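> need coordinates for the following:
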Amino acid sequence: MKSENLIEGLSTILMGHKLLNITDTLALLKAFKPDEDISFEDFLLEGEFIDKNDLLQALSEYYRVPYCDSIGVFFDHYLVNLIPKDVLIEHTMIPYMREEDTLWVVAAEPNDPHLLVVLGKYVSHTIAFMVGLAQDILASIEEYSDESDTYQPNDIANQLMERSAQEVHTPEEYSGQIPLIIEETIDDYESK
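Presented below is the predicted three-dimensional model:
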């Protein structure tokens, strides 16, 4: 569960951007129950109190990192699969892109000190964080992990191997004649 600091900080930022007024903010804080199984961000979005893009900008300002709307973004399967799916889900993060030796990771809580330790077990890159919405990150993990319905590289490879295995001919099928293959090089052609 996210801290009270995030809720207060995010509320202050949203009021500063004039997206919420003080009366609405106090009513929202009173209506939001942190014990329930919904984050403050989801509460704001589901209640249509704020636009998704405005919320991402406010989160970016709060965490002091860039934001990424992970819905509709193409994630590199290789990068996503560097880290086990259950670890990505547990920490609500997904590798986004690599620039030279820096791995950009979209996380719901980019200031979580455990993220660097966890990522260090799987990659040796310098890590840079972006903030994203938890529900969007989880949806992207499901879509881009090897276990998803939309991407099955092993199935594709297995299908290709099965198909080519059927086309293999045994030596008994050939006659005693071996075909003669003549190769001409460009030099042979030009000298004629």
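> how about low-confidence regions in the protein?
Within the chain, the stretches with pLDDT under 70 are 1-3, 35-36, 146-192.
> again, only this time at 80
1-4, 33-37, 145-192 (pLDDT under 80).
> how's it carved up into domains?
4-63, 77-144 (automatic domain parsing).
> out of these, the one nearest residue 71 is which?
Evaluated over the domains of the chain, closeness to residue 71 peaks at domain 77-144, with 4.9 Å, by CB to CB. The C-beta positions use only the backbone N, C-alpha and C, and glycine is treated the same way.
> residue 29 - how many residues pack around it?
Residue 29 has 14 neighbouring residues, counting by other CB atoms under 10 Å.
> and the helix or strand harbouring it, how far from the chain's centre?
Using DSSP states H and E, residue 29 sits in helix 22-31. Computed by CA atoms, centre = their mean, to the nearest Å, the separation of helix 22-31 from the middle of its chain amounts to 33 Å.
> next one: stretch 24-33
32 Å.
> next: stretch 132-148.
6 Å.
> likewise for stretch 120-132?
The mean C-alpha position of stretch 120-132 is separated from the chain mean by 12 Å, CA atoms, centre = their mean.
> and if you look at stretch 65-78?
Using CA atoms, centre = their mean, the offset of stretch 65-78 from its chain centre is 5 Å.
> which residues does that stretch contact?
With contacts defined as CB atoms under 8 Å, 6 or more residues apart in numbering, stretch 65-78 is touched by 52-53, 56-57, 59-60, 94-98, 106, 110, 128-133, 136-137, 139-140, 143-144, 146, 151, 153.
> inside helices: which ones of these?
52-53, 56-57, 59-60, 136-137, 139-140, 143-144, 153 (DSSP state H).
> thinking again about what came up before, using CSV, list the CA coordinates for the helix or strand following the helix holding residue 29.
Downstream of helix 22-31, the first helix or strand assigned by DSSP H and E is helix 40-46. What follows is helix 40-46, C-alpha atoms only, in CSV (Å, rounded to 0.1, in the frame of the first residue of the first chain):
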residue,chain,number,x,y,z
PHE,A,40,-5.2,6.3,-4.7
GLU,A,41,-4.3,6.7,-8.4
ASP,A,42,-6.9,4.2,-9.5
PHE,A,43,-9.4,5.8,-7.2
LEU,A,44,-8.8,9.2,-9.0
LEU,A,45,-9.1,7.6,-12.4
GLU,A,46,-12.1,5.4,-11.8
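> what's helix 40-46 in contact with?
2, 6-7, 10, 28, 32, 34, 38, 50, 52, 55, 59, 133-135.
> give me the most central residue, this structure.
What sits nearest the mean C-alpha location of the chain, by CA atoms, centre = their mean, is residue 94, with 3.8 Å.
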